[in-house]
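A.B. asks: this is the structure alone, sequence omitted:
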């Protein structure tokens with residue numbers, strides 16, 4: 001506003017009833033976050049204004065922790081919703097709000113219209129929204145969820161694959177020659193992973209979820225790195241630095257343990273860019289998969 005004061009007003013709201021099928025509270029809260037992300041996108045389009053920054057608030061620390069997690073580490077229900085949330089919002093936009101200052105709680109408790117009129121929290125939001133620097137207590141809250149069973153129960157049991165042998169390297173080369181279409185290769189590889197999972201009693205049917213496709217892509221790139229960047233992969237997997245002779249030494253590479261791939265480090269770590277832009281995955285120069293990825297990007301853009 002012209003006099004440097006701030007104001008907060010309700011622009012739009014949306015709510016849904018709980019499904020008849022029993023769903024855990026953390027899952028329902030995550031669905032609420034997805035609903036908020038979808039509504040945010042619609043409001044942005046409707047207002048057609050230049051918006052400098054956006055903050056998304058939830059009182060669910062479990063949902064916040066899931067949103068900050070790579071979807072391929074999460075089980076299907078949570079992963080599918082986290083993928084959609086991450087497409088519609090930036091991780092840095094999500095912050096924690098105490099339950100007693102959370103406007104949606106007004107709806108969840110149920111009110112008649114006469115009572116709703118008097119609810120200042122509903123119409124104007126919590127007081128801190130009008131402060132120069134909005135409150136953020138997410139970092140401390142997220143730290144407390146790292147050992148929370150409600151968070152951990154939705155994580156997959158992922159074991160890091162062992163380093164590739166020469167025979168496996170030959171098999172990988174033959175696999176990459178199956179098709180010149182990168183997306184087709186990822187779909188085939190995802191099908192192989194699903195088949196292996198189903199053999200271990202993790203029965204899945206139907207179309208691939210976004211999380212399955214992303215998991216397949218990460219795992220295939222990880223295998224390629226193990227072959228083409230074997231020494232660097234081994235060192236980084238064992239929490240060591242790359243050698244002075246490594247071609248990656250100027251990239252400040254690190255092992256992303258959530259996806260088991262090598263990423264670029266560096267000064268962009270503290271920027272406001274998305275994680276994938278700040279830390280792109282390292283691709284071997286001239287490798288078949290690198291060429292396929294570049295070709296795929298060129299075709300899609």
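C.D. replies: Great, that's in hand. Computed from a prediction, not measured in an experiment: that's the story for all the values here. Residues are numbered from 1 along each chain as shown.

A.B. asks: tell me the confidence at residue 130?
C.D. replies: Predicted confidence (pLDDT) for residue 130: 81.

A.B. asks: quick check: closest non-adjacent residue to it.
C.D. replies: residue 6 (4.3 Å; Cβ to Cβ, 6 or more residues apart in numbering). Placement of C-beta: from N, CA and C, glycine included.

A.B. asks: wait, that neighbour touches residue 128, no?
C.D. replies: No - using Cβ atoms under 8 Å, residue 6 is not in contact with residue 128, being 10.4 Å away.

A.B. asks: more neighbours: those two, which one.
C.D. replies: residue 128 (15 against 10; other Cβ atoms under 10 Å).

A.B. asks: how close does that one get to residue 8?
C.D. replies: According to Cβ to Cβ, to the nearest Å, residue 128 stands 10 Å off from residue 8.

A.B. asks: and residue 253, by the same measure?
C.D. replies: For residue 253 relative to residue 8 (Cβ to Cβ), the value is 44 Å.

A.B. asks: repeat for residue 182
C.D. replies: Remark: distance between residue 182 and residue 8 (Cβ to Cβ) = 46 Å.

A.B. asks: same check, this time on residue 70
C.D. replies: 33 Å.

A.B. asks: between the two, which is the more surrounded one?
C.D. replies: The neighbour count for residue 70 versus residue 8, taken as other Cβ under 10 Å, is higher for residue 70 (18 against 13).

A.B. asks: next, residue 266: phi, psi?
C.D. replies: phi 110, psi -170 (degrees, to the nearest 10).

A.B. asks: and the closest residue to it other than its chain neighbours, how close does it get to residue 7?
C.D. replies: In this structure, residue 266 finds its nearest non-sequential neighbour in residue 252, 4.8 Å apart by Cβ to Cβ, 6+ apart. Separation of residue 252 from residue 7 (Cβ to Cβ): 44 Å.

A.B. asks: give me the more crowded residue out of these two.
C.D. replies: Applying other Cβ under 10 Å to residue 252 and residue 7 shows that residue 252 carries more neighbours, namely 16 against 9.

A.B. asks: contacting residues around that one?
C.D. replies: 264-266 (Cβ atoms under 8 Å, 6 or more residues apart in numbering).

A.B. asks: could those residues go into CSV alongside neighbour count and pLDDT?
C.D. replies: CSV is the format used below for the contacts of residue 252 (neighbours: other Cβ atoms under 10 Å; pLDDT from 0 to 100):
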residue, neighbour count, pLDDT
264, 16, 91
265, 14, 88
266, 14, 80
